[in-house]
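Enquirer: My questions are about this predicted structure, shown below with the sequence.
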Amino acid sequence: MDFLSFPLQRILCLLCLLLACGPGHAKSHPSYLTPKYCESVVEQFVDAGMRSLDTYVNEHFDPRFGGGIRNTINFLEQREGWLSECNDYLLDTNQGSIFYSEKLTREIFIAMNELATELQHVREGVEYPDSAGNNNPAPFIKRHFQDLAELVDQHHTHILMKKQFQ
């Protein structure tokens, strides 16, 4: 007789498989998540999103206006949410990371969080005295933006090189 011919043994095998896999291996994702969708989310962030951040940080940032700071924090948090969702999907489906590598992906998410955190500090009234004693958070914000921009540029450069050799 075959081992699995008995119903009780089939149930035991099924239970063992379920316990061995655990719920972490059976993640479900929304149906809109596809590699093509995730690629478009990254492209939007790398192109228009970073241009928008650059314009805000380098031309319009003013610590006296909390609304723009709040909007920028929300922008960063929203994009990080979208990118994280895609990254989780791609990792769960063994399709790599959202950015060039897992390391670069982690670094970009950290840089996004650091920029949002610094902006939140400005919004909360944390003082950033310059050499003359004036509150000037702009250099700190620009430094965090520059860190993020350099990481995103690494990804963008790799993608351009990849396309060139296809």
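Expert: All right, it came through fine.
Enquirer: what's around Q166, how many residues?
Expert: A total of 5 residues lie near Q166 under the criterion other CB atoms under 10 Å. C-beta: built from backbone N, CA, C; applies to glycine.
Enquirer: Distance-wise, check it relative to I159.
Expert: Counting by CB to CB, to the nearest Å, the separation of Q166 from I159 is 11 Å.
Enquirer: In contact with the residue lying closest to C86 once chain neighbours are set aside, which residues are there?
Expert: Once flanking residues are discounted, C86 sits nearest to C38: 3.6 Å by CB to CB, 6 or more residues apart in numbering. By CB atoms under 8 Å, 6 or more residues apart in numbering, the residues touching C38 are C86, N87, Y89, L90, I98.
Enquirer: Make CSV out of those and add neighbour count.
Expert: As requested, the contacts of C38 are exported to CSV (neighbours: other CB atoms under 10 Å):
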residue, neighbour count
C86, 22
N87, 23
Y89, 20
L90, 19
I98, 26
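Enquirer: could you dump these to TSV with distance to R51?
Expert: Putting the contacts of C38 into TSV (distance: CB to CB, whole Å) gives the following:
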residue	distance to R51
C86	20
N87	22
Y89	26
L90	24
I98	19
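Enquirer: which two from these end up farthest apart in space?
Expert: In the contacts of C38, two members sit farther apart than any others by CB to CB. They are Y89 and I98, at 8.8 Å.
Enquirer: Could you find the closest non-adjacent residue to W82?
Expert: Counting by CB to CB, 6+ apart, the nearest residue to W82 once its immediate chain neighbours are dropped is V41, at 5.2 Å.
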